[in-house]
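Undergrad: Here you go, sequence then predicted model.
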Amino acid sequence: WLPALQLVRHGSKAVTRHWKAMHFQRQKLMAVTEYLAPRPAIPPRCLVPRKEKVEEDNGYARLLRRQVEEVFRDNRMIAVCQYNSMPGEDMVLMRHYLRKHNIEVKFVLNEIIRPMLSQSKYKNLLPLFVARNILLVSPETKVKEMLRVLKGVPQINLLGACIDNTILSRQGVENFAKLPSLEAAQGQTVGALALLPSQTSSLLQGGSAHLTALLDEHIRQLQAGEMGSPDESAPAQSLGAH
Amino acid sequence: KKMASKVRVVLRPVKSIVVRFCPFESNVESTRKFLGCINHKKIQATNRNCEVTADVRHDGSEPLVDVMFVDGDRLIMKGANLTTIEMLTALGSRCNAKDLKEEQKSKKSP
C-alpha cells in the first residue's frame, strides 16, 4: 500500500542547486547539536599562576657542584677561557703541555657554575660564564708558560682569571706575567724604603763631613808649607789635636 | 629552535674575521656564540686560509665583528643587540652573493 500523497512540491529532488529548507525534524536536531565553544569563567591570566615545582637536583648535578667547589677552594690560579671546538689531537697536546706545569683543564657547565658563583664571593665572574668555557686551574701561578701555550692554540681565548682571590682581566693577566718574581719585588721595595732614611743621614752628616774634609785639606797645605818654614808646626799641631 | 649550528656559511670570499668583545659586559652572549659557531669544523673547512682572531678587551666597548673580504669589502656587525642567528645569516647571505658574482665573472671571462 503506497501513500496517496507524497510530500513533493514543484518536483524538486533531494539534492538541489539552491539552498533547500531542511525537514523540520532535521532543523530541530541541528539546532540542538550546535557547537558551543567552551568559555572559561575567568580568563586564565587573572588566576594566580601555578607555582612550578622546583626540580630536585639529581645526584649528578650535586656531584658536579661539589667538584667545582673543590676546584675553587684548592687552587690559587683559576683562568676562564672560551672554548671553540678544537680538533682532538690539539686538545690532547695542549692538555699535555699544561699538565707539565701542573695546570689542569676542566670543562664546566654553565648551569652548575652560575648559581654557585652568585652565592659565593666571586660575583664578578658571573658575566664570564656564557657560551662554552673551560677552566684552567693550578695551585701554582705559572702565568707566562700558560700564556705561551695558549698563544699556540688559536681556538682558546683567555677571558679572565682569578689569581690568589684577585679577579683579573686579560690585560691584568698579561701584566701579572710581566711582574718580577717575589724576591725581586721585595728587594725593590726594601731599596725604595731605605732610600729616604739614607738621604736624611747623608744630609745630617754632610755638614760635619764637609768640615772634616776642609780641615784635612788645611793640614795638608800647612804640612806642605812646613817643609819650607817649620814655624807653622805649633798651630798646625794644635789644630790637628782638635 | 636552535639553528645556530645548522646555518651553513661558506667562507670562501672571506679573508679574515676579527671578533672583539669585553667578556665582563652583559651583552656579549650572541657575539661569543657567533665566535663559537664560526670555529666549527665544517665552516672552517670551507676556507682554511680564513683567519679568525678573537680580541678580548676590558674597556667596556661593545662587541664587534669585523669581516674582511677578499675583494676588499668590509662588513662590521655590532653584536650588542643582534642575535647569533641574525649575524650568521647576514654573513652567509653576503658570502653567497659574492660567490655568485665571482662565478659569473669567471664564466663571462674564460
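TA: Right, received. Where do you want to start?
Undergrad: List the buried residues of the worst-scoring helix or strand of chain B on mean pLDDT.
TA: Across the helices and strands of chain B, mean confidence by mean pLDDT, DSSP states H and E is lowest for helix B:41-46: a mean of 77. For helix B:41-46, a neighbour-count test (16 or more other CB atoms under 10 Å in any protein chain shown) marks B:43-44 as buried. (C-beta placed from N, C-alpha, C; glycine too.)
Undergrad: Name the next helix or strand following it along the chain.
TA: Sequence-wise, the next helix or strand downstream of helix B:41-46 (DSSP states H and E) is strand B:51-56.
Undergrad: how about the CA coordinates for that following strand, as PDB?
TA: In PDB, the C-alpha atoms belonging to strand B:51-56 read as follows (Å, rounded to 0.1, in the frame of the first residue of the first chain):
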ATOM      1  CA  GLU B  51      92.000  33.700   9.900                       C
ATOM      2  CA  VAL B  52      89.600  34.000  12.800                       C
ATOM      3  CA  THR B  53      91.000  36.200  15.600                       C
ATOM      4  CA  ALA B  54      89.400  36.900  18.900                       C
ATOM      5  CA  ASP B  55      90.200  40.200  20.600                       C
ATOM      6  CA  VAL B  56      89.500  40.200  24.300                       C
END
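Undergrad: Given it, what are its sheet partners and their directions?
TA: The pairing partners recorded for strand B:51-56 under DSSP bridges are strand B:14-21 (parallel).
Undergrad: And the next helix or strand past the strand it pairs with?
TA: Per DSSP H and E, the first helix or strand lying C-terminal to strand B:14-21 is helix B:29-38.
Undergrad: mean confidence score for that following helix?
TA: For helix B:29-38, mean pLDDT is 82.
Undergrad: from the middle of its chain, how far away would stretch B:71-81 be?
TA: Centroid displacement of stretch B:71-81 relative to its chain, using CA atoms, centre = their mean, to the nearest Å, is 8 Å.
Undergrad: interface residues of chain B facing chain A?
TA: When proximity is defined as CB under 8 Å from any CB of the partner chain, chain B approaches chain A at B:23-26, B:28-29, B:32-33, B:35-36, B:38-41, B:52-54, B:56-58.
Undergrad: One more pass at 6 Å, please.
TA: By the rule CB under 6 Å from any CB of the partner chain, the part of chain B lying against chain A is B:23-24, B:26, B:29, B:32-33, B:36, B:39-40, B:54, B:56, B:58.
Undergrad: So which residue is dead centre in chain B?
TA: A centroid search over chain B (CA atoms, centre = their mean) returns residue B:91, at 5.4 Å, as the residue closest to the centre.
Undergrad: Run through the neighbouring helices and strands of the host helix or strand of it.
TA: In the assignment (DSSP H and E), residue B:91 maps to helix B:84-108. For helix B:84-108, the elements it packs on are helix B:29-38, judged by 3 or more CB pairs under 6 Å, 6 or more residues apart in numbering or on different chains; DSSP states H and E.
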